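Peer 1: okay, predicted coordinates and the sequence, questions at the end:
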Amino acid sequence: MLSDTKQKLIEESCKLGIIPPLLFAVTILTSLDNEDLGILGFKNDFLLSVVQSCKYCNKNGMDGIICSPNEVKMIREKLEKIYIATPGIRLQDDDKGDQKRISTPYNAIKNGADFIIAGRSVTSKTNLVEVIKKILAEIEKGTILNGNNKTSRKY
């Protein structure tokens, strides 16, 4: 399914004369933990399941994966040439909500994420400019202090 989707994306993009968009696959939702996975019939914990899923996605042509920010460092160590997007991003004082595997923008970027998805940290606030400035400051700190240059990564 993944490789077929990638092939169709390339074919349609060629027909339209455009550069194909990046194709990302979701690993395991950030609202699930090991107990949930056991109920769903997974035999492995989420860390091993996410790594196996990432390897499969990479092998089948995905440009990137979407995973919890808590798995980014481990995935980056095993798969260098894949984009990583992370939902479950929260500022330090944000409510966790229904998410079980969350982290800050700083930690996600520091650990190797290429993109962060900071939905509720933004949409639940009325002071959007202030919140966005905080998120951007954490991204910059995670990038600069740890020597990561995410803008140069090209796969």
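Peer 2: Yep, that arrived.
Peer 1: what sits up against the lengthiest helix in the chain?
Peer 2: Counting residues, the longest helix found in the chain (DSSP state H) is helix 128-144. Applying C-beta atoms under 8 Å, 6 or more residues apart in numbering, the contact partners of helix 128-144 are 89, 91, 104-110, 116, 118, 121-122, 125, 148-150. Where you see a C-beta, it was placed from the backbone N, CA and C, and this is true even at glycine.
Peer 1: just the ones in helices from those, please.
Peer 2: 105-110, 121-122.
Peer 1: TSV please, covering those and showing pLDDT.
Peer 2: TSV is the format used below for the ones in helices among the contacts of helix 128-144 (pLDDT from 0 to 100):
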residue	pLDDT
P105	93
Y106	94
N107	93
A108	94
I109	94
K110	93
S121	80
V122	83
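Peer 1: so which of these is surrounded by the most neighbours?
Peer 2: A108 (30 neighbours; other C-beta atoms under 10 Å).
Peer 1: not counting sequence-adjacent ones, nearest residue to it?
Peer 2: P69 (3.8 Å; C-beta to C-beta, 6 or more residues apart in numbering).
Peer 1: tell me, how many residues neighbour that neighbour?
Peer 2: Residue neighbour count, defined by other C-beta under 10 Å, stands at 29 for P69.
Peer 1: that one and A113 touch, don't they?
Peer 2: Yes. Counting by C-beta atoms under 8 Å, P69 touches A113, with 6.3 Å between them.
Peer 1: what is in contact with those two at once?
Peer 2: With C-beta under 8 Å, 6+ apart as the test, P69 and A113 both reach T86.
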